[in-house]
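K.L.:
Generate a structure from the sequence data that follows.
(4 chains)
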Amino acid sequence: MVTPKTGDYTPAEMMIIATARQVRDGESTIVGMGPPLLSAALAKYHHAPNMWYCTESGPLDWVPTSRDLPAPIGIADASLVEGASMSGSMEDALGAFVNGGWAQSAILQAAQIDRFGNLNTILAGTFEDPIRRLPGTGGNADIGASVQRVISTMPLESRRFKERADFRTTAGYIDGPGGRAEAGLAPQGPNKCATTMCVFGFDTPDGGLTGSCEMVLEQLFPGVSLEEVQAIVPWDLKVSPDLAHMDPPTEEEITLVRHLDDGNHLRPGRY
Amino acid sequence: MVTPKTGDYTPAEMMIIATARQVRDGESTIVGMGPPLLSAALAKYHHAPNMWYCTESGPLDWVPTSRDLPAPIGIADASLVEGASMSGSMEDALGAFVNGGWAQSAILQAAQIDRFGNLNTILAGTFEDPIRRLPGTGGNADIGASVQRVISTMPLESRRFKERADFRTTAGYIDGPGGRAEAGLAPQGPNKCATTMCVFGFDTPDGGLTGSCEMVLEQLFPGVSLEEVQAIVPWDLKVSPDLAHMDPPTEEEITLVRHLDDGNHLRPGRY
Amino acid sequence: MVEPITSWQSGRSKLMTAREAVERFVSDGDTLYSGFNIISFSLTNEIIRQGKKHLKAVAGSVTPNVTLMAIAGSVDRIETGYLSGTLRSKPFQEMMRDGRVKWNDYTNMTITLRLMAGGMGMPFICANSFLGTDYLKPEIMNHSRSLMEDRRREDGTIAPPYVVIESPFDGRKALLYPALKPDVAIVHCQRADEEGNIQVWGPMADTKWGFWASKHVLVTAEEIVPRSVISTEPHFTVVPGFKVSAVIHEPWGAHPGGLNGHYRADRSWAELTGFGMTTWESARQYLDEWVYGTEDRSSYLARYRERFGDGLLEVLRVKDKMIPEQPARYGWR
Amino acid sequence: MVEPITSWQSGRSKLMTAREAVERFVSDGDTLYSGFNIISFSLTNEIIRQGKKHLKAVAGSVTPNVTLMAIAGSVDRIETGYLSGTLRSKPFQEMMRDGRVKWNDYTNMTITLRLMAGGMGMPFICANSFLGTDYLKPEIMNHSRSLMEDRRREDGTIAPPYVVIESPFDGRKALLYPALKPDVAIVHCQRADEEGNIQVWGPMADTKWGFWASKHVLVTAEEIVPRSVISTEPHFTVVPGFKVSAVIHEPWGAHPGGLNGHYRADRSWAELTGFGMTTWESARQYLDEWVYGTEDRSSYLARYRERFGDGLLEVLRVKDKMIPEQPARYGWR
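P.N.:
As a prediction, this is how the structure comes out:
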């Protein structure tokens, strides 16, 4: 379980903030179930007011009508319609917006991620004899198949970071460069993975057709070392030549994230 | 051109009335462009108040809010929404309602019909060298492919009744029994064809799989003889053993049809 | 000629009780579309009460009412993208492991598209969603607890749950999913008229295609309204009345779930009782008290008031409603 | 922490003139979705005025604005189910016969489904519509004035406009239609905000999928409204602003066509001028007076008032508007 690194904020809070920092102002974003709803809300309140906040059950472009409002707690949350420009359906949101290619980025949680950014949302163990059956992919596989800038987010834990995911429910770069194109998908996919200790990028200099397409350690959270990260990740990690420590949360970020977390996204055991 | 048979009503009016008489109370009906809009309105006002009057651009279940209202004049007519239970889209109307199998009947006009009830809406002459290019099928082919009780309507004229339509845009029984099933469609299709002189049925004792699937003369309009009809139809007509004369219009029918025809569906040259 | 014709729609009433609707339209072995975000707990409880068996539950995401039906022995097969309530339910985990519940996985979008295909009479529909994933491995498609028997063709072979072909138009890979046509759909809606014209607002998810694709649609409605309420806001109608088999007037029919514009989900209560799904013991206790121990929604609500007081339902009621700033108006003359 | 955040949406404005929109987003050779039942005659006239060439017009049914663009030399290819205005236009009949206008036939539904497929990233979609008809004959698919060149594959072969395959799920015949992805869509709508959130009501036909499938959406709007008008009735939004390239405030932008809730189609005038399409001479006269002879919609309306008086537009205005009997209300707290 995640424990606070300092008295000021927890690693889970820093993960939310680090995820939010990947969101760019003005972009259209499909926001997945769970902590991504909180990260995207933080981005919208903090530095990306013109981001289009969209969720798969149909509400598109959520704009909270007052800063008092907490983050939505589910992808079909009734509060997502308040202030939205459109109250649509699954075929609008996942069909046209996401698979039609209009979502510029996505924020997704998953149970596991692997070396090439493939996600697993379905089970731990093997399909025939799972240790645990998880709720499943929801829109995760739909989104991973089509969005060209996927930001995933999950705690950095050895059960979650695998050389090969126990089961690949959502295509990342599959087995490496060109893997997506060969499978019939647009070549580009995963872009960042924000965790409780660091942020990874992907080695895709040419949009998924060249480079190793592996995860690359780009930013460490304050007080975290490369060795601590490598101790959890089971393969030999690629490290960015520009590896740096990420700035700690600002007071505004930490205040906002606590205010927004009305749904207790960050309660221990929740993700 | 059609000329009045009596001083009381024209053959065109009788065609509208004869078409309306095929509509059953309580059934769900997809109503095509042109005179069918008038016939279906007449049926709804006259004997089929519980018929579900639906049109392909999306308005479903038109119920005129007052008997003062004229019949709609187009399948995307704004008036179709007034009193309707649903204002939908093409995928609701043609996709789900018609092709999903929920339309119990259809009323369609066409430029030509042939011996097996195939319709032509696209041209006179040949495809490579047409005498005239017509507006096209609209939803006609979509409807003919899926509805199990198609009522077509057009003036009885030799340019319209052909042994084989100049071009088959809309499947009837194709070349005879089982033709639809072989093509990949549900076996049953055309049910009636109401004209300016008579009403035809189809020889389909077992829903399109047996019988000749040819047009059968069932009812003659008042004052019209079998010979007059056969003189126009170029193949050797099948005649129902129960061939009878249809009742003339009632005063109520003729009053209604004239009241409803605000869009001048019946103006000479209009169909 | 100015006689009003509102009476024209007589004879189309679909009003009945939940008991009658489930008796008439739900059969053992049926495929059941059970809703994504507006759940009819009223009809769920009635299905369990009547001891329906071997149902297959489908929806983009299925909700805790499906877990409940599985635990109660009514649902034994599932096709969905997401199973809410899976993680904490030991009985459900157990049944998925030992094969008492069988399933094939899809996604929110592909279930929606499969319902759309079913609703529009298409045999299949395309989506990229599982390209590049482990789902396309033959041993996964036909895993030991998958719905192979449901996919048996007339000639005895087993159809796959997804197929990759080359597009005949451009030669690219196309992943096909088969149409999905449930036997029956159960959903709670904000309002309906007695003919079955159903109106829903809020996130629509796969509701519309779940309705169009299903042979029978059974709805519980928070309010039964006159036709004129429906026809002056016809854009809220999801499917028209001829598509609907039963309309049940059942206020609070979504409880303990929520209903946009009416009440919030009863989270504290849902957690308190754990939906009866955490252990076999709590499940039996929940079913005994809230399902078998009540006759219908009225007696369920009476028990709720008895247990928790009148106040809690009032707390859940939505007070703050959205007012159109400049209402759109139809008009043509 | 109660600061209102209505100003958050700054910097997303898409407001411009029709001239600017057509200059920036319509290119020679483009495929143009031109609307089914709400036509932007404003953008139609601007496209002709700017002398755009070799456009391909697509829609479930195309309307007289396409005939007009064809006669003016802007449209030379068509994919549609229905051509309004074909019958009476000698120039149009002539051009279809001699190959100046090429086409392939589809239907209202199959164009809608092709746009839906294009909008959702599918390569193709199924529909029964031409099974058993002459359209499936190879010589008809590739008739001499068909769009064979538009269907040329990378390897030089010609893709068919429709293909029959066997369904891999049940072995039945399935007729496939290729996805349709227009370059640009032009439509008139009741209202939009400056970010491009577009609201339409009335029969929706293929409007939504025409918008989603097109790379650029250009709308003329009868009214430009604040975001709060949009977001308090979010069910009327057809596509959200990020999908829209240009919003033009153009009252009467659908004239001589009509607009639900605003004005009726100007039938008498349309017949009077015959839309300029009956003969080559009347066509040139119409284009000279109403298209080339006007700079924009304001000068078009000024000429209209000059020719027909102020009164006629007022006569067309809708007076009788539908009032919701019991307005639906969203709410969640």
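
K.L.:
all contacts plus neighbour counts: C-alpha atoms, from now on.
P.N.:
Noted.

K.L.:
interface residues of the stretch 151-271 of chain A facing chain C?
P.N.:
Proximity of the stretch 151-271 of chain A to chain C, by CA under 8 Å from any CA of the partner chain, involves residues A:167-171, A:174, A:179-180, A:183-185.

K.L.:
which one among the residues you listed gets closest to A:Ser39?
P.N.:
For these, the residue nearest A:Ser39 by CA to CA is A:Thr170; the value is 20.8 Å.

K.L.:
so who does the closest one touch?
P.N.:
Going by CA atoms under 8 Å, 6 or more residues apart in numbering or on different chains, A:Thr170 touches A:118-121, A:137, A:140-142, A:144-145, C:129-130, C:132-133.

K.L.:
repeat that for 7 Å
P.N.:
Taking CA atoms under 7 Å, 6 or more residues apart in numbering or on different chains, we find A:Thr170 in contact with A:118-120, A:140-141, A:144, C:133.

K.L.:
what does A:Val216 give?
P.N.:
Residues in contact with A:Val216 (CA under 7 Å, 6+ apart) are A:200-203, A:237-240.

K.L.:
what lines up beside the host helix or strand of it in the sheet?
P.N.:
Using DSSP states H and E, A:Val216 sits within strand A:215-220. If you go by DSSP bridges, strand A:215-220 pairs up with strand A:198-202 (antiparallel), strand A:238-245 (parallel).

K.L.:
just those: most buried one?
P.N.:
Sort the strands paired with strand A:215-220 by mean neighbour count, taking mean count of other CA atoms under 10 Å in any protein chain shown, and strand A:198-202 sits at the top with a mean of 25.

K.L.:
looking only at pLDDT, what's the mean for it?
P.N.:
In this model, strand A:198-202 has an average pLDDT of 98.

K.L.:
Run through who's touching that strand.
P.N.:
In contact with strand A:198-202 (CA under 7 Å, 6+ apart) are residues A:191-194, A:213-221.

K.L.:
Just name the closest of the residues you listed to chain D, please.
P.N.:
Nearest to chain D among these: A:Asn191, at 21.3 Å, using CA to the nearest CA.

K.L.:
Make sure that closest one is indeed in a helix.
P.N.:
No - counting by DSSP: H, G, I helix; E, B strand; the rest coil, A:Asn191 falls outside a helix, being strand.

K.L.:
ok, C:Gly99 touching C:Leu147?
P.N.:
No - using CA atoms under 7 Å, C:Gly99 makes no contact with C:Leu147, being 10.5 Å away.

K.L.:
When the two are compared, which one has more neighbours?
P.N.:
C:Leu147 (23 against 14; other CA atoms under 10 Å in any protein chain shown).

K.L.:
about what we covered before: with distance to chain B as added columns, please give the contacts of A:Thr170 in a markdown table.
P.N.:
A markdown table is the format used below for the contacts of A:Thr170 (distance: CA to the nearest CA, whole Å):
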| residue | distance to chain B |
| --- | --- |
| A:Asn118 | 35 |
| A:Leu119 | 34 |
| A:Asn120 | 35 |
| A:Asn140 | 27 |
| A:Ala141 | 26 |
| A:Gly144 | 27 |
| C:Thr133 | 31 |
